[in-house]
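# A predicted structure for the sequence below; I have some questions about it.
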Amino acid sequence: MSPSLRQSPRVLFTALLLGACATLMAQEARVDVSSLKFEPVAGEKKIKVSLRLADTPAITTVSATVKTGTAEQTVPAAWASFESTPPANCAWLIVIDNSNPARQPTVAACVDEVRAFLALLPKGDAIMIASLSRDLVVESPFESAQDQRDTALAAIKADGEASLTTLIYQNVKHGLADHLAKRSETRKCVVLLTDGKDETPGGPVAVKARRDELITEAKKLGIPVHSFGFAEKATEANYFADLKESSLQTGGMHVPAVVATRELGAEAWPTLIGVMHGGGTATLDLSALKEAAPVHLEVLTASGKKASGVVSRETVAAALPSKPAQKTESASSQPQVTESSTSGWIWWAVGAAVLVLGVFALTRSRRGTAEKQTIAETPAKIFQPARPEPAPPVSVSSSTPLAYLERCDDKQKRHPITAKGVVIGLGKHNDLKFGHENGPDSQCVLSLTNNEWVIAEAGSGNAAVVNGKYYYQTTLSPNDVIEVGDIKLLFLPVPAESKSS
């Protein structure tokens, strides 16, 4: 199905992986999980799935299928773009970090970039401009006219007092609650231009806590944080790690400026505008389904990128009307039941119910914390990449591997993991080395605990990348794809029965 849509500019953007190695030949796009909404259509066997992509503007085609045994059944899908569904306006909170008086050339470059951005925005969008030094200062409120915004931009200088603490994440969080949350526009976002140097008292631990508070607030409100990093020199780019995490976790973009020229790429602003005005709603027609089943959804963009995922069985079931109750036979055809037999049947049913409740309570108590974690993670997994069945492990005669990491390239070389804890990365000091000998040090740690493989960042502050998403720590599943630099590795654990044989 290819509806006629307004084509956003085709831009180049680094794709994040949303699938297993079988789909690596196609460029992948990243779905903003916070934008996902599932709404059954009243009185019809249909469900509406609203979404937007976090790094690619235009969705052109949507398809859906249901697996029935070894066959696939097509589910009709109609796509309505966000641009064609009024109101299509967006509220933008633009924040320029002017905290350091020594950064005047960089602040001036940020102002020029914002001017270029505003010139591209469609009419009807709401814009607020703020500066950030110690506090968030509103330079031009949402209700300002264009000439007032121009005057406010021209007045922004690097005049913050360097001795005062710069609280980037805390102030942006307040901006969400105090300004954006009150807006009625369909979509809202933050555009943050900064060097990333948050000076929250307490050091990196305190900075991370404030960053996580911003991420939590942004997710709750469904507002992405787009960050644009302006470093004074290349060695200061390490301050962008928390900015990047804030954007990735909230469905936003992160783009660093070229240090030498203080300029963003020509594609940065058109991509951002396309992302915020892109997306829409796919209406899935479930009338041909005989029973509820997971629906595999795939979206294709104008630039050829794909995003795929699964609408859960429970979500589909909610859109299907329940089966009508069976008709009761007439009284003449019903067997006669005496009062004594009825009483005995009731006591038997009560006893059976008590037994079932006891077993349920025991099972629930054993689940403990694990069940709570599963419930907490459910919303983020409603729309996720479908994983193929794990490939059979390759036996190694010299030792018994516990798992394999398979290169996702033409050769598909497998690297055995023979220890319960290994460090993988690009540098020569790692247990499993990839890339050049003079590459960076440890990237992430793989460990086997209680029959579960866990991946975690190795203390460098750079999160581990699994299936295109960033984690400080997460549990691995068969066929998860781990990224180490530009190298992608398929995780293949060895089943317990294979290790013991």
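Ah, there it is.

# Return the host helix or strand of Ile129 as PDB; C-alpha atoms alone will do.
Ile129 is part of strand 126-132, with elements assigned from DSSP states H and E. Extracted C-alpha coordinates of strand 126-132, given in PDB (Å, rounded to 0.1, in the frame of the first residue of the first chain):
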ATOM      1  CA  ALA A 126       4.900  27.600  17.900                       C
ATOM      2  CA  ILE A 127       8.400  28.700  19.000                       C
ATOM      3  CA  MET A 128       9.900  29.700  22.300                       C
ATOM      4  CA  ILE A 129      13.600  30.800  22.600                       C
ATOM      5  CA  ALA A 130      15.400  30.600  25.900                       C
ATOM      6  CA  SER A 131      19.000  31.000  27.000                       C
ATOM      7  CA  LEU A 132      20.700  29.000  29.700                       C
END
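
# mean confidence for the helix or strand following it?
Next helix or strand after strand 126-132 toward the C-terminus (DSSP H and E): strand 136-140. Computed over strand 136-140, the mean pLDDT rounds to 91.

# Parallel or antiparallel, list what pairs with strand 136-140.
strand 126-132 (antiparallel) (DSSP bridges).

# So this structure: which segments form each domain?
1-321, 403-500 (automatic domain parsing).

# ok, residues contacting the strand holding Ile129?
Contacting residues not belonging to strand 126-132 are listed as 89-99, 114, 118, 121, 136-142, 144, 149, 152-153, 156, 166, 168, 171-172, 175, 179, 183, 185, 194 [C-beta atoms under 8 Å, 6 or more residues apart in numbering]. To be clear about C-beta, it is placed using only N, CA and C from the backbone, and glycine gets the same treatment.

# Please pick the buried ones from the residues you listed.
Listed as buried from those are 89-99, 114, 118, 121, 136, 138-140, 142, 144, 149, 152-153, 156, 166, 168, 171-172, 175, 179, 183, 185, 194; burial here means 16 or more other C-beta atoms under 10 Å.

# among those, which are in strands?
Among the buried ones among the contacts of strand 126-132, the residues falling in strands (DSSP state E) are 90-97, 136, 138-140, 194.

# hang on, Arg414 packs against Leu405?
Yes: between Arg414 and Leu405 a contact is recorded at 7.2 Å, counting by C-beta atoms under 8 Å.

# of those two, who's got more company?
Leu405 (22 against 18; other C-beta atoms under 10 Å).

# And what about that one, helix, strand or coil?
Applying DSSP: H, G, I helix; E, B strand; the rest coil to Leu405 yields a three-state assignment of strand.

# again, but for the one 5 residues further on
Assigned with three-state DSSP, Asp410 falls in the coil class.

# before we move on, the earlier item: how about the strand holding Ile129, which residues are buried there?
Those would be Ala126, Ile127, Met128, Ile129, Ala130, Ser131, Leu132, for strand 126-132 by 16+ other C-beta under 10 Å.

# pLDDT (mean, whole number) over that strand?
93.

# Find residues that contact each of Arg414 and Leu405.
Common contacts of Arg414 and Leu405 (C-beta under 8 Å, 6+ apart): Leu492.

# Now tell me which of the domains of the chain the model trusts least on average.
domain 403-500 (a mean of 78).

# just the helices in the protein please.
For the chain, applying DSSP state H gives helices covering 104-120, 146-155, 168-178, 204-221, 240-250, 268-277, 313-319, 339-377, 496-500.

# name the helices or strands packed onto the first one?
The contact analysis (3 or more C-beta pairs under 8 Å, 6 or more residues apart in numbering; DSSP states H and E) places helix 104-120 against strand 90-97, helix 146-155, strand 187-194, helix 268-277.

# possible to save those as CSV with distance to Gly485?
As requested, the helices and strands packed on helix 104-120 are exported to CSV (distance: least, C-beta to C-beta, whole Å):
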stretch, distance to Gly485
strand 90-97, 29
helix 146-155, 39
strand 187-194, 26
helix 268-277, 23
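
# Gly252: which of those is closest?
strand 187-194 (6.9 Å; C-beta to C-beta).

# by how many degrees do the closest one and strand 90-97 diverge?
Calculated by axes from the mean of the first three to the mean of the last three C-alpha atoms, to 10 degrees, strand 187-194 forms an angle of 10 degrees with strand 90-97.

# gap between strand 187-194 and the chain center?
17 Å (C-alpha atoms, centre = their mean, to the nearest Å).

# now do stretch 285-293
Counting by C-alpha atoms, centre = their mean, stretch 285-293 comes out at 28 Å from the chain centroid.

# cool, and stretch 300-317?
How far stretch 300-317 lies from its chain's middle: 13 Å, per C-alpha atoms, centre = their mean.

# go on, stretch 63-72?
On the basis of C-alpha atoms, centre = their mean, stretch 63-72 sits 25 Å off its chain's mean C-alpha point.

# How about residues contacting that stretch?
Contacts of stretch 63-72 (C-beta under 8 Å, 6+ apart): 1, 73-77, 282, 284, 289, 293-298, 300, 311.

# try it again with 7 Å
Here stretch 63-72 makes contact (C-beta atoms under 7 Å, 6 or more residues apart in numbering) with Met1, Gln73, Thr74, Val75, Ala77, Leu284, Leu289, Ala293, Val295, His296, Leu297, Glu298.

# okay, those residues in a markdown table with distance to Val494 and neighbour count next?
Output for those, formatted as a markdown table (distance: C-beta to C-beta, whole Å; neighbours: other C-beta atoms under 10 Å):
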| residue | distance to Val494 | neighbour count |
| --- | --- | --- |
| Met1 | 42 | 12 |
| Gln73 | 35 | 15 |
| Thr74 | 37 | 10 |
| Val75 | 36 | 22 |
| Ala77 | 39 | 20 |
| Leu284 | 38 | 24 |
| Leu289 | 37 | 19 |
| Ala293 | 31 | 18 |
| Val295 | 32 | 25 |
| His296 | 28 | 18 |
| Leu297 | 32 | 23 |
| Glu298 | 31 | 17 |
